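Trainee: Please work out how this folds:
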Amino acid sequence: MGGVQAPRLVASDVDGTLLDPHDQVTPRAAAVIGRAVAAGVGFVLVTGRPPRWIPPVVAAVGVGRLAVCANGSVLYDAVEDRVLWSQTLEPAALADIAQAVADVLPTSGLAVERVGTSAQDRDAFVAEPAYRHAWPDSDNAITERSDLLTAPAVKMLVRCSELRSEAMVAALAPVVGHIGDLTFSHPGGLVEISPPGVTKATGLSEVAGRLGVDVADVIAFGDMPNDLEMLRWAGHGVAMGNAHPVLHDVADEITATNGEDGLALVLERWF
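Mentor: Next comes the predicted model:
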C-alpha cells in the first residue's frame, strides 16, 4: 500500500462500511473525509440504499453530494434532492422475474423500489403482503403482487427468510440471470435484482467520468457481495475487516472493521 498514490475520488459503501455497528458516521471518519474533500478529492456514496435513505448519511458526513443508489441504478444529488438519472427494469422484465421466482422459490415475497425526481417521492417502495422486511421500513405501500409489475422499478427485491442469500442467488441465477443483475447486501434471505449489467461499478464509473477522474485514481470501500464489482473496478479496492469472504478474495487491501474505523485508517495515510 505504501506505493499507492493519493486518490482523486473516494467511493464508499454505507452500511457495514462507512457506518459503524451503531449505524453512525464516527467523528474520525467524518473528519478525514472532510480533509480529503478540502484537498480537492471527490467523495461519493455507492450503496444499495434508495435515495430516500441518503440525506441523513450525507448530513452525518458533512460533505459530499453525489450518491450512486440502488446498487448502481440511480445517481442522486443529495444537496439539490434530485435524481440525476436512473436505469429501470421495465414491467415485462418484472413480470418475467416474478414468474421465475414463483417457479423456483415459491415461498418468497416480492417488493420493488421505484424512483421519482427526489428523495421525497411517496410510494417509492412497494411490497406484497407476503414480503417480510429485512430492515425496518415504515414508509412502504402494500399491494398485490400483480400491482408490483405495472411500473418500471430500479430494483426488485426477493425475500425468503428461511434461506441464506447465497442459496437464493444460486437458485435464481439460472432462471433470471439473463433478465437482471443479482446480488445481495444482507445475508439472511434477501436478493436484489437490478437491470442487466447494472452494478455499483457501472454507477461509480459514470461518476468518475463526470468528474474527469481515471479509474486508477479511484479508491473504493465495501463489505458485501453487492460491492464486489466496484472493488474489482476501482484502482484500489478496499474490503472491510468485517466484509463477506468473497470481498477479501478480490480486494487490493483488507482494512480494519467498520467498528474499528477501517475506512478512516486507510484515508489517514494521505489526509
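
Trainee: what about the stretch 51-200 of the chain, any weak spots by pLDDT?
Mentor: Across the stretch 51-200 of the chain, residues meeting the criterion (pLDDT under 70) sit at 122, 136-139.

Trainee: And the strands in the stretch 151-271 of the chain, which stretches?
Mentor: 155-159, 181-186, 190-194, 218-222, 236-239, 253-254 (DSSP state E, counting those that start in this stretch).

Trainee: want to throw those strands into JSON lines with mean neighbour count?
Mentor: Yep, even glycine has a C-beta here, placed from its N, CA and C like the rest. Converted to JSON lines, the strands of the stretch 151-271 of the chain look like this (neighbours: other C-beta atoms under 10 Å):
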{"stretch": "strand 155-159", "mean neighbour count": "26"}
{"stretch": "strand 181-186", "mean neighbour count": "22"}
{"stretch": "strand 190-194", "mean neighbour count": "27"}
{"stretch": "strand 218-222", "mean neighbour count": "29"}
{"stretch": "strand 236-239", "mean neighbour count": "25"}
{"stretch": "strand 253-254", "mean neighbour count": "14"}
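
Trainee: need the ones you listed in a markdown table with distance to Asp20, can you?
Mentor: Shown next, in a markdown table, are these (distance: least, C-beta to C-beta, whole Å):
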| stretch | distance to Asp20 |
| --- | --- |
| strand 155-159 | 25 |
| strand 181-186 | 17 |
| strand 190-194 | 22 |
| strand 218-222 | 13 |
| strand 236-239 | 16 |
| strand 253-254 | 18 |
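
Trainee: Nearest to Ser165 among those would be which one?
Mentor: Ranking these by proximity to Ser165 (C-beta to C-beta) places strand 181-186 first, at 3.9 Å.

Trainee: any idea how far the nearest residue to Ala216 once chain neighbours are set aside is from Glu192?
Mentor: Leaving aside its chain neighbours, Ala216 sits nearest to Gly235 (4.1 Å; criterion: C-beta to C-beta, 6 or more residues apart in numbering). Distance, Gly235 to Glu192, by C-beta to C-beta, to the nearest Å: 26 Å.

Trainee: any idea how this protein splits into domains?
Mentor: 9-86+198-267, 91-194 (automatic domain parsing).

Trainee: From what I see, Met168 and Val191 are in contact.
Mentor: Yes: in this structure, Met168 is within contact of Val191 by C-beta atoms under 8 Å, at 4.7 Å.

Trainee: So for the two, which residues contact both of them?
Mentor: Val158, Phe184 (C-beta atoms under 8 Å, 6 or more residues apart in numbering).

Trainee: Give the next helix or strand downstream of the lengthiest helix in the chain.
Mentor: Identified as the longest helix of the chain according to DSSP state H is helix 91-104. Following helix 91-104 in sequence order, the next helix or strand is strand 109-113 (DSSP states H and E).

Trainee: Adjacent strands (with direction) for that next one?
Mentor: Applying DSSP bridges, strand 109-113 is found paired with strand 125-127 (antiparallel), strand 155-159 (antiparallel).

Trainee: Quick one: residues in contact with that strand.
Mentor: Counting by C-beta under 8 Å, 6+ apart, 50, 70, 94, 98, 101, 124-132, 140, 145, 148, 153-160 sit against strand 109-113.

Trainee: let's see it at 7 Å
Mentor: Outside strand 109-113, the residues that touch it by C-beta atoms under 7 Å, 6 or more residues apart in numbering are 50, 70, 94, 98, 101, 124-128, 130-132, 145, 148, 153-159.

Trainee: What ranges does the stretch 1-150 of the chain have for its helices?
Mentor: Here the stretch 1-150 of the chain has its helices, by DSSP state H, counting those that start in this stretch, at 27-38, 55-61, 91-104, 145-148.
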